[in-house]
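K.L.:
What follows is a predicted structure for the sequence shown.
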Amino acid sequence: MSMIVFRYLHFLGMAFWIGSAVGVTIAAAAPTQRESGIAQSLRKVTLRVTTPSMLVAFAGGFGMLIPNFTEIYAKAGWMHAKLTLLILLAGATGVLTGKLRRWAQGEEVKAKTFGRLAWVMGILGVLIVTFAVFKPFA
Ligand code: HEM
């Protein structure tokens, strides 16, 4: 296998492995007086891990993007595709935090909604790493 395929597997594995492991660990450690239910525990994960990690990813991404935009990325089709998918991923993350907030407040949220969101965000994550590593339509 060529180096780029190893690089691709490396990024994909790291993103999903560490992200899910840290999230599940925090949810498992959550039952306290303030986080007494599953909805409260999962909401804690989004507030402590998901949203801050998204902001750190954005800060790093824009730190690379902005200084090199006209030189490199304005003409890079893969970056435009990646940024479009990122907007969708950030939107899906917003839907997740919103649904969890409502669930934690006692409103009914269908389990199917979370199942669908998991697929949407997982597929978007795979596509984003695919564009970032293989850089198609360069
Ligand atoms: C607004 C958010 C983001 C912006 C502005 C952004 C922008 C960038 C830029 C400018 C690069 C350097 C590309 C290059 O010339 O090699 C990069 C690399 C990369 N990005 Fe992002 N990114 C963002 C979020 C993400 C997210 C959420 C993921 C993963 C799900 C991701 C995955 C990657 C990967 C794997 C690379 C490394 C590619 C390589 O070196 O082979 N990015 N990003």
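P.N.:
Sure thing, it's come through. Residues are numbered from 1 along each chain as shown.
K.L.:
Now P31: which helix or strand?
P.N.:
Secondary structure assignment for P31, by DSSP states H and E: no helix or strand.
K.L.:
For the nearest residue to it once chain neighbours are set aside, the count of nearby residues, please.
P.N.:
Leaving aside its chain neighbours, P31 sits nearest to S41 (6.8 Å; criterion: C-beta to C-beta, 6 or more residues apart in numbering). C-betas here are computed from N, CA, C, even on glycine. Residue neighbour count, defined by other C-beta atoms under 10 Å, stands at 19 for S41.
K.L.:
Tell me if I'm right that S41 and T25 touch.
P.N.:
No - contact criterion C-beta atoms under 8 Å: S41 and T25 do not qualify, at 11.0 Å.
K.L.:
tell me the secondary structure for P67?
P.N.:
Following DSSP: H, G, I helix; E, B strand; the rest coil, the label given to P67 is coil.
K.L.:
So what's the residue count around it?
P.N.:
Every residue meeting other C-beta under 10 Å relative to P67 is counted, giving 10.
K.L.:
same question, V126
P.N.:
If you count neighbours by other C-beta under 10 Å, V126 ends up with 14.
K.L.:
Which neighbouring elements make contact with the strand or helix carrying it?
P.N.:
Taking DSSP H and E as the criterion, V126 maps to helix 111-134. When contacts are defined as 3 or more C-beta pairs under 8 Å, 6 or more residues apart in numbering; DSSP states H and E, helix 111-134 packs onto helix 3-29, helix 77-104.
K.L.:
F137: which of those is closest?
P.N.:
helix 77-104 (2.9 Å; C-beta to C-beta).
K.L.:
any idea how far that closest one is from the chain center?
P.N.:
Relative to the chain's own centre, helix 77-104 is displaced by 7 Å; criterion: C-alpha atoms, centre = their mean, to the nearest Å.
K.L.:
Taking this protein, what residue is nearest to the ligand?
P.N.:
Closest to the ligand within the chain is G61: 2.2 Å, counting by C-beta to the nearest ligand atom.
K.L.:
that older thread, other residues contacting the helix holding V126?
P.N.:
In this structure, residues lying in contact with helix 111-134 by C-beta atoms under 8 Å, 6 or more residues apart in numbering are 4, 7-8, 11-12, 15-16, 78-79, 81-82, 85-86, 88-89, 92-93, 95-96, 99.
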